[in-house]
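A.B. asks: Need a 3D model of the following:
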Amino acid sequence: MINSYLRVLNNNLSIQIMNRNKLVKQTTFLLVNFRRYYGFIKNNLTFNLNHTNSILTFLLVFIGFTGCSGTSEKTSIDTVDTRPNILILVADDLGYADLGCYGGDIATPNIDSLASNGIRFSRFHTAPMCAPTRAMLLTGNDNHIAGVGRQALSAEVFGYEGYLTNRVATIPALLRKDGYHTYMAGKWHLGTGRAANPHQKGFEHSFVLLEGVGNHYNSQGLFKGIPVSHYTEDGKSAKWPDGEYSTDLYTDKLIGFIDQYKDDDRPFFAYAAYTSPHWPLQVDEAYWKKYEGRYNDGYEKLKEDRFLSLQRAGMIPEDAVLPPSHPAVRSWDSLSEKEKKRESRKMELYAGMVDNLDVNIGRIIQYLKDIGEYENTLIIFMSDNGAAGEDYYNNPGIKPYINPYFNNDYETMGEPNSLISYGPQWAEAGSSPFRYYKEYATNGGIIASMIMSGPMVAHQNSIADNFLTVMDIAPTLYEIANIDYPSEFNGTTLFPLKGASLVPFVSAKANTIHTKDYVFGLEHSGNTMLRKGQWKITNFSNPFSLSEFKLYNLAEDIGEIHDLKKTNPQKYQEMYQEWTKFASEIKVQLPGIQYD
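C.D. replies: Okay, here's the model as predicted:
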């Protein structure tokens, strides 16, 4: 691809090409054929194009051979888009402590390779649930402003519409308008209606699960009321090919989309919204068998082990304290041997799903290398929230509504007709070293793994402890793509972005991402928090009460163990007032709050 050559020069070597027209005339043949020679030389002759001298030597020699080739092929620099490709990889309910590069025990060599070539962020903040995080990711705004104030709720109330509203513009819509190809495969979870479909939100090609959860092998719905999961391809109803595994198929689809237009010299934005390792825990035996017996010491031991391994990996402070587990967690010693055997298998299945996810990410990475686009692709890997503590099959209020297709016998665990969740006990180990897990606005529910590598990322194999949020991704991509976020889109006035671009930080031009007085608020279904500097207030009372906020100093207490509300009432009042301003701005609907 022509733009591969120019992007390698522009993005990786920082060469300022002053006379590009002259360069194009001299290297027409090289430009037109660069992809095949780049891929062949790098992959088959192990030519190291990661080093500046090697690249320049190769180009100069190649120009010498091709400058007098007499080729009649012509190209115009005006048609070459040198901006980098963008690939976002989202894991569903992945625990903070799972990845090998974060200090976890699951084999993730491909994700780890992204970390070795980029930045691991240790304090990346999401929403506490899947749908609001995805709304914030794709819009760079608060989930209420985007229209997804509460997951699985659709109402004619500001902030709770249940889909992405016209108050915001999406990343794919703006990138596509400015020349990018836009592709998506995986979980949508942002509205099931035709107008809410990703095909109407900027994606040129997409294959998606509309709901928030689905069987990994077929289209069997999880609940009696929704007996079949719904999929669309390019906005039209699609069927799941029975027997295909979710992560494998989504990878196939995304690679197919990219491959279709790989030679047209336009960059792409690809969004892999995987449904793994979200329950039901299902995966081929080949993946989970390698973890058999590894978790027989139980979830409490794993939580402690991971806490120590994350300290050794530099992801958490050496003086951090491990918070106590959720009251719903039974002690491992209180379980019978049969129960322990079943619990161990849950975690084996989960680890196998993460293992398979990593293999598929490796497939995408290798594909990009094969077509000569890896060096020109900004890659962001992230989880959408903390580890998942739900266990619907064993919830007495939900189990009567489960599709009778499923059973949870030990012998069928992991198979297409099983509906296994690993529950709060293993979620505590997944969210170690933070308090609690998904659904909660505590750190365990909203601090997730995130890795960034590729063009403009100056730091390699580094850890950034800076505070950042999922809303910072959209403005980052707009700066990389040289796009100004509009004040109006499709005839509608837009709310301004809430995030900040990461480009100055990742390119080593700045040491901070947000100012010390930056305020970040979050609310979902009564779980709410607000952070300003090192201070945080949070409230997950049920039923919700405005008097139940707690205050933490995160500089000393990342586990949110010590409530300082009574010992520092002045700081508490300052933070509470900030929260009331935030709540008013997004029009949060909670008991005790009224708006004019």
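A.B. asks: what helices or strands is the longest helix seen in the chain leaning on?
C.D. replies: If you go by DSSP state H, the chain has its longest helix at helix 337-370. Applying 3 or more C-beta pairs under 8 Å, 6 or more residues apart in numbering; DSSP states H and E, one finds that helix 337-370 makes contact with helix 28-44, strand 85-91, helix 109-116, helix 246-260, helix 285-288, helix 299-313, strand 377-383, helix 423-430. In this view, the C-beta of every residue, glycine as well, is placed from N, C-alpha and C.
A.B. asks: Recalculate using a threshold of 6 Å.
C.D. replies: helix 109-116, helix 246-260, helix 285-288 (3 or more C-beta pairs under 6 Å, 6 or more residues apart in numbering; DSSP states H and E).
A.B. asks: got the buried residues for that helix?
C.D. replies: 340, 342-365, 367-369 (16 or more other C-beta atoms under 10 Å).
A.B. asks: again with stretch 478-486
C.D. replies: 478-481, 483, 485.
A.B. asks: so of these, which ones are in helices?
C.D. replies: Going by DSSP H, the helices hold 478-480 from the buried residues of stretch 478-486.
A.B. asks: what pairs with the nearest residue to Met382 once chain neighbours are set aside across the strands?
C.D. replies: Nearest in space to Met382, with sequence neighbours left out and distances taken as C-beta to C-beta, 6 or more residues apart in numbering, is Met450 at 4.3 Å. Per DSSP bridges, residues listed as beta-bridge partners of Met450: Phe121, Met382.
A.B. asks: so who does Met450 touch?
C.D. replies: 121, 124, 382 (C-beta atoms under 6 Å, 6 or more residues apart in numbering).
A.B. asks: Rebuild the residues you listed as CSV, extending it with pLDDT, neighbour count and distance to Gly430.
C.D. replies: Output for the contacts of Met450, formatted as CSV (pLDDT from 0 to 100; neighbours: other C-beta atoms under 10 Å; distance: C-beta to C-beta, whole Å):
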residue, pLDDT, neighbour count, distance to Gly430
Phe121, 98, 28, 18
Phe124, 98, 24, 15
Met382, 98, 21, 15
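A.B. asks: ok, so of those residues, who is nearest Ser237?
C.D. replies: Met382 (29.4 Å; C-beta to C-beta).
A.B. asks: From Ser449, how far off is that closest one?
C.D. replies: Met382 sits at a distance of 7 Å from Ser449 (criterion: C-beta to C-beta, to the nearest Å).
A.B. asks: same check, this time on His199
C.D. replies: 30 Å.
A.B. asks: Same question for Val588.
C.D. replies: From Val588 to Ser449 the distance is 28 Å (C-beta to C-beta).
A.B. asks: These two: who's more crowded?
C.D. replies: Ser449 (26 against 23; other C-beta atoms under 10 Å).
A.B. asks: pretty sure that one is touching Ser383, no?
C.D. replies: Yes - counting by C-beta atoms under 6 Å, Ser449 does reach Ser383; the two are 5.2 Å apart.
A.B. asks: what's the spacing between stretch 225-245 and its chain's center?
C.D. replies: Chain-centre distance of stretch 225-245: 22 Å, with C-alpha atoms, centre = their mean, to the nearest Å.
A.B. asks: end to end, how far does that stretch reach?
C.D. replies: Counting by C-alpha to C-alpha, to the nearest Å, you get 24 Å between the two ends of stretch 225-245.
A.B. asks: Buried residues, it. List them.
C.D. replies: Buried residues in stretch 225-245, counting neighbours by 16+ other C-beta under 10 Å, are found at 229-232, 238, 240, 245.
A.B. asks: Dump those to a markdown table, plus distance to Val470, secondary structure and pLDDT.
C.D. replies: Conversion of these to a markdown table gives the following (distance: C-beta to C-beta, whole Å; DSSP: H, G, I helix; E, B strand; the rest coil; pLDDT from 0 to 100):
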| residue | distance to Val470 | secondary structure | pLDDT |
| --- | --- | --- | --- |
| Ser229 | 25 | coil | 97 |
| His230 | 26 | coil | 97 |
| Tyr231 | 25 | strand | 98 |
| Thr232 | 24 | strand | 98 |
| Ala238 | 28 | strand | 98 |
| Trp240 | 28 | coil | 97 |
| Tyr245 | 27 | coil | 98 |
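A.B. asks: possible to save these as JSON lines with distance to Glu390?
C.D. replies: Converted to JSON lines, the buried residues of stretch 225-245 look like this (distance: C-beta to C-beta, whole Å):
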{"residue": "Ser229", "distance to Glu390": "17"}
{"residue": "His230", "distance to Glu390": "21"}
{"residue": "Tyr231", "distance to Glu390": "22"}
{"residue": "Thr232", "distance to Glu390": "25"}
{"residue": "Ala238", "distance to Glu390": "27"}
{"residue": "Trp240", "distance to Glu390": "23"}
{"residue": "Tyr245", "distance to Glu390": "22"}
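A.B. asks: Which one of those residues is nearest to Phe307?
C.D. replies: Closest approach between those and Phe307, by C-beta to C-beta: Tyr245, at 32.2 Å.
A.B. asks: what's the spacing between Gln282 and Glu585?
C.D. replies: From Gln282 to Glu585 the distance is 41 Å (C-beta to C-beta).
A.B. asks: and the two? which has more neighbours close in?
C.D. replies: A count of neighbours by other C-beta under 10 Å puts Gln282 above the other of Gln282 and Glu585, at 24 against 14.
A.B. asks: And the helices in the stretch 451-596 of the chain, which stretches?
C.D. replies: Using DSSP state H, counting those that start in this stretch, the helices of the stretch 451-596 of the chain run over 473-480, 503-506, 569-586.
A.B. asks: Need the residues that contact the last one.
C.D. replies: Contacts made with helix 569-586 from outside it, assessed by C-beta under 6 Å, 6+ apart, are listed as 142, 144, 159, 519, 521, 530, 532, 535, 537, 551, 565.
A.B. asks: show me what contacts the closest residue to Ile361 other than its chain neighbours?
C.D. replies: Computed as C-beta to C-beta, 6+ apart, the closest residue to Ile361 that is not its neighbour in sequence is Asn110, at 4.9 Å. By C-beta under 6 Å, 6+ apart, the contact set of Asn110 is 358, 361-362, 365.
A.B. asks: and if we set it to 8 Å?
C.D. replies: When contacts are counted by C-beta atoms under 8 Å, 6 or more residues apart in numbering, Asn110 is found next to 358-359, 361-362, 365.
A.B. asks: ok so Tyr295 is a strand residue?
C.D. replies: No - going by DSSP: H, G, I helix; E, B strand; the rest coil, the assignment for Tyr295 is coil, not a strand.
A.B. asks: Would you map the helices across the stretch 51-200 of the chain?
C.D. replies: Along the stretch 51-200 of the chain, the stretches classed as helices by DSSP H, counting those that start in this stretch are 52-66, 109-116, 130-139, 143-146, 171-177.
A.B. asks: Any regions of the chain where pLDDT drops low?
C.D. replies: Scanning the chain for pLDDT under 70 picks out the ranges 1-79, 596.
A.B. asks: Got the domain ranges for it?
C.D. replies: 2-79, 85-506, 519-586 (automatic domain parsing).
A.B. asks: Columns distance to Ile593 on top of the ones you listed, output as CSV?
C.D. replies: Converted to CSV, these look like this (distance: least, C-beta to C-beta, whole Å):
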stretch, distance to Ile593
domain 2-79, 48
domain 85-506, 12
domain 519-586, 6
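A.B. asks: Of those domains, which is nearest Thr512?
C.D. replies: domain 85-506 (6.5 Å).
A.B. asks: Between the two ends of the closest one, what distance do you get?
C.D. replies: End-to-end for domain 85-506, by C-alpha to C-alpha: 17 Å.
A.B. asks: And for stretch 105-113?
C.D. replies: 16 Å.
A.B. asks: now swap in stretch 476-489 and tell me
C.D. replies: Stretch 476-489 has an end-to-end distance of 19 Å (C-alpha to C-alpha).
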